[in-house]
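Student: okay, sequence plus prediction incoming.
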Amino acid sequence: MEAGDGDWSALWAEKIEKAEKEKRRELVLQGQLTDKKIQQTSSLNPKIYSLTLLNYLEISQSPSLREIDAGIGNLIHLQSLLLCRNKLSEIPRAVGSLKSLKVLDVSVNELQALPEEISQLCDLNTLNVSCNQIKALPTGLSKCVKLAIINISKNEISAFPADFFSDDLDLLSTIVANENAIADISGEISNLSALKNLDLSNNKLTEIPSELADCSKLKEINFRGNKLKDKRLEKMVNGCQTKSVLDYLRAGGRGKGKGKGKQDSGEKDDSREKEKKKRPDKRQKNRKEEEEEEDLNRMVVRVLHVSDSPTAVTVKVTALVKEVRPYIVCCVVKGMNLKSGNALKRFLTAQIKLHDEICEKRTKATIATHDLQLVKGPLLYDARSPKTLKIVPLGRKEIKAADLVRQLQLEAEEQRKQRKRQNVSGLHKYLQLLDDKENYPCVVDAEDHVISFPPITNSEKTKMRKSTSELFVEVTSSTSLQVCKDVMDSLILEEASFDLETDPANGETASEPAANENAEKEASPELTVQQVRIVDTDGSLKVVYPSKTDLNMDISNLTVVR
């Protein structure tokens, strides 16, 4: 039963009045209740701007919210301001008055620009403006000297501001700028002494500055999807070999010596005659190295069709999931080696990264990976009452879904208190997706055991282990089927490049193979992806993955055999 207009207004007013009366430091307004009220009044309740004790304010998932009043500048004690998943077209200049602000999240809106007053936020630690239509960042961001994380992904940004790569930003450790139109990176990026993670995938870069190798703390880079002039380097970045790419840049590319370790002019003069004598051999050696590099970075994904596999997995979907989490795609992956060293840990870390980035902290989609040998098909994707739905979560004992969610909510709240409410955790965000849901989504096996409870957890019963050789993978979403497919494509690419990162025999980077007989055999692994059919309760096909339109990625060293 839906609440009437009067009920919505009463609930809205009660929540704000309670925050004022109890002198609360936090206020969260999101989803259907908030959106319904904004539709009626065309704006936020002005009383919000008088709650000056607030240090945490979240107004999210309200498509009717198109503007924020300048009164936001009154909340001078705010440390975290989250205005994500609305329809905001601009941010008021008054945001520059929030001198205590540490976290600003305005992702997934319709912003085309940011106010320059953001540069006045001297305590700002985290800035997330992803998934908007922003064409340029404001100048002066170098004044945000405590900035540690910036996410500008999925916008229309063509360049970084001139002052962005300033040594004043000596705490900036993470830059996420994928899926923009960035065409150039200044060599001054080496000024960012704390930089650890850099994602510039799917932009318009043609070169990567050699100075990037001088960022001594850099651990992870992603330049996939850029058409680089140096094709050897392009193959390397598509294989995501961070260490190899940095070593290559440090050497200046093909031994040109542009990095810090280059020879001085005197040494160059002394060796010139020797180099002339060696030149024919060196050219031949370079060609051989390039051919070896191509082999090392070649990724092959072979699609196994349902008709080619008598044991193909099928997932049946009930009508009940339509109201809670309607979209799902699945597949079976064969050919990964998780036995050596920390391979399993690295794979799970890569999955977490996908959850944080393309899945947007699980709010957009959720990935679940299982040991296929422990999955008993056929499977059912269903929605069941949280009071009767039971699961054995990863690392826990069997519990009802309602009790598990309650436990996780308490843990999330405790986590926020420990962090002094400066950050909202991913756990807190995706738990809210189940608010007010009569049924919870679940994947159930042939014995009626729940093996997955998205977006919360998998089951301990189908948990991946080092001995796992075949994976059953599912991606679910409440957003769209295409989101599921995009996430699955990214996961398959991650899995295909997984064995390129290290040699399973000894953990060395693939671009520096060990001198053993098996190195050549292990250099170019082939991944097999077996189709999984999703059908309705009548057996009619809803979707099959991967189809002919899936895995169509413009990556030079990826070959998909269908």
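Tutor: Structure received. Just so it is clear, the structure is predicted and the values come from calculations on it, not from any experiment.
Student: for the residue positioned nearest the centre of the chain, which non-adjacent residue is spatially closest?
Tutor: Nearest to the mean C-alpha position of the chain, by C-alpha atoms, centre = their mean, lies Glu357 at 1.3 Å. By the measure of C-beta to C-beta, 6 or more residues apart in numbering, the closest residue to Glu357 outside its immediate chain neighbours is Val176, 6.7 Å from it. Using the backbone N, CA and C atoms, a C-beta is placed for each residue, glycine as well.
Student: residues contacting that neighbour?
Tutor: 130, 149-153, 197, 199, 357 (C-beta atoms under 8 Å, 6 or more residues apart in numbering).
Student: same question for Val317.
Tutor: Contacts here follow C-beta under 8 Å, 6+ apart; on that basis Val317 touches 328, 380-381, 534-537, 542.
Student: dump those to TSV, plus neighbour count.
Tutor: Compiled in TSV, these are given as follows (neighbours: other C-beta atoms under 10 Å):
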residue	neighbour count
Ile328	25
Leu380	18
Tyr381	24
Ile534	22
Val535	16
Asp536	12
Thr537	10
Lys542	15
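Student: lowest pLDDT pick from those residues?
Tutor: Looking at pLDDT alone, these dip lowest at Thr537, where the score is 88.
Student: confirm for me that it is in contact with Thr318.
Tutor: Yes - counting by C-beta atoms under 8 Å, Thr537 touches Thr318, with 6.0 Å between them.
Student: before we move on, the earlier item: I'd assumed Asp199 was in contact with the residue nearest to the centre of the chain.
Tutor: Yes - between Glu357 and Asp199 there is a contact under C-beta under 8 Å: 7.4 Å.
Student: can you list residues touching both of the two?
Tutor: With C-beta under 8 Å, 6+ apart applied, the overlap between the contact sets of Glu357 and Asp199 consists of 153, 176, 178.
Student: which helix or strand lies directly C-terminal to the helix or strand of the chain with the lowest mean pLDDT?
Tutor: One helix or strand of the chain scores below all others by mean pLDDT, DSSP states H and E: helix 519-522, with a mean of 38. Toward the C-terminus, helix 519-522 is succeeded by strand 526-536 as the next helix or strand (DSSP states H and E).
Student: contacts made by whichever helix or strand comes after that next one with the rest, please.
Tutor: Remark: after strand 526-536, the chain's next helix or strand is strand 541-545, criterion DSSP H and E. By C-beta under 8 Å, 6+ apart, the surrounding residues in contact with strand 541-545 are 306, 317, 329-331, 481, 485, 488, 531-536.
Student: farthest-apart pair in the residues you listed, please.
Tutor: Every pair in those was compared (C-beta to C-beta); the two farthest apart turn out to be Met488 and Asp536, at 20.1 Å.
Student: quick one: the strands in the stretch 301-450 of the chain?
Tutor: Residue ranges of the strands in the stretch 301-450 of the chain, as given by DSSP state E, counting those that start in this stretch, are 314-317, 327-334, 366-371, 379-384, 390-391, 399-400, 440-444, 450-453.
Student: between the ones you listed, which one is nearest to Phe160?
Tutor: Among the strands of the stretch 301-450 of the chain, the nearest to Phe160 by C-beta to C-beta is strand 366-371 (30.9 Å).
Student: mean confidence score for that closest one?
Tutor: Mean pLDDT, computed over strand 366-371, is 95.
Student: show me what that strand is packed up against.
Tutor: With contacts defined as 3 or more C-beta pairs under 8 Å, 6 or more residues apart in numbering; DSSP states H and E, the packing partners of strand 366-371 are helix 343-356, strand 450-453, strand 457-458, strand 470-477.
Student: okay, the angle between the last one and helix 343-356?
Tutor: The reference is to strand 470-477. Compare the direction of strand 470-477 with that of helix 343-356 by axes from the mean of the first three to the mean of the last three C-alpha atoms, to 10 degrees and you get 10 degrees.
Student: partner strands of strand 470-477, with direction?
Tutor: The partner list of strand 470-477 in its sheet, established with DSSP bridges, is strand 327-334 (antiparallel), strand 366-371 (antiparallel).
Student: ok, the contacts of Val176 vs Leu434, which is closest?
Tutor: Using C-beta to C-beta, Glu357 is the member of these that lies nearest Leu434, at 22.2 Å.
Student: where does pLDDT dip in the stretch 351-500 of the chain?
Tutor: 416, 418-429, 499-500 (pLDDT under 70).
Student: now do the stretch 51-200 of the chain
Tutor: Counting by pLDDT under 70, the stretch 51-200 of the chain contains no low-confidence residues.
Student: highest mean neighbour count out of the helices and strands packed on strand 366-371?
Tutor: Neighbour counts averaged per stretch over the helices and strands packed on strand 366-371 are highest for strand 450-453, at a mean of 25; criterion: mean count of other C-beta atoms under 10 Å.
Student: now do the contacts for Cys84.
Tutor: Shown in contact with Cys84 (C-beta under 8 Å, 6+ apart): 60-61, 105-109, 128.
Student: can you tell me the SS state at the residue nearest to Asp214 when sequence neighbours are not counted?
Tutor: Counting by C-beta to C-beta, 6+ apart, Ser190 is the residue found nearest to Asp214 once chain neighbours are left out, at 4.0 Å. Reduced to three states with DSSP: H, G, I helix; E, B strand; the rest coil, the structure at Ser190 is helix.
Student: Ser190 against Cys215, yeah?
Tutor: Yes - judged on C-beta under 8 Å, Ser190 makes contact with Cys215 at a distance of 5.9 Å.
Student: which ones are touching Leu320?
Tutor: Listed by C-beta under 8 Å, 6+ apart, the contact partners of Leu320 are 382-384, 439.
Student: roughly how far apart are it and Tyr545?
Tutor: According to C-beta to C-beta, to the nearest Å, Leu320 stands 22 Å off from Tyr545.
Student: same deal with Leu172?
Tutor: Taking C-beta to C-beta as the measure, Leu172 and Tyr545 are separated by 38 Å.
Student: kindly report the same for Asp69.
Tutor: With distances defined as C-beta to C-beta, the gap from Asp69 to Tyr545 amounts to 45 Å.
Student: out of the two, which sits in the busier spot?
Tutor: More crowded of Asp69 and Tyr545, by other C-beta atoms under 10 Å: Tyr545, with 25 against 14.
Student: and the more buried one, bridged to which residues?
Tutor: When assigned by DSSP bridges, Tyr545 has beta-bridge partners Val532.
Student: now tabulate the contacts of Cys84 in JSON lines and tack on secondary structure.
Tutor: Supplementary listing: the contacts of Cys84 in JSON lines, determined by three-state DSSP:
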{"residue": "Ser60", "secondary structure": "strand"}
{"residue": "Gln61", "secondary structure": "coil"}
{"residue": "Asp105", "secondary structure": "strand"}
{"residue": "Val106", "secondary structure": "coil"}
{"residue": "Ser107", "secondary structure": "coil"}
{"residue": "Val108", "secondary structure": "coil"}
{"residue": "Asn109", "secondary structure": "coil"}
{"residue": "Asn128", "secondary structure": "strand"}
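Student: which of those residues sit farthest apart?
Tutor: Gln61 and Asn128 (15.2 Å).
Student: so who does Tyr430 touch?
Tutor: With contacts defined as C-beta under 8 Å, 6+ apart, Tyr430 is in contact with 361-363, 366, 455-456.
Student: what number of residues lie near the closest residue to it other than its chain neighbours?
Tutor: Excluding its sequence neighbours, the residue lying closest to Tyr430 (C-beta to C-beta, 6+ apart) is Arg362, at 3.9 Å. For Arg362, the neighbour count with other C-beta under 10 Å is 21.
Student: next: Thr41.
Tutor: If you count neighbours by other C-beta under 10 Å, Thr41 ends up with 12.
Student: same check, this time on Glu207
Tutor: Applying other C-beta under 10 Å, we find 14 residues neighbouring Glu207.
Student: who's in contact with it?
Tutor: 184, 228-230.
Student: kindly report the same for Pro138.
Tutor: 113-116, 118-119, 161.
Student: in CSV: these, plus distance to Ile76.
Tutor: Putting those into CSV (distance: C-beta to C-beta, whole Å) gives the following:
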residue, distance to Ile76
Ala113, 24
Leu114, 20
Pro115, 17
Glu116, 19
Ile118, 16
Ser119, 18
Pro161, 27
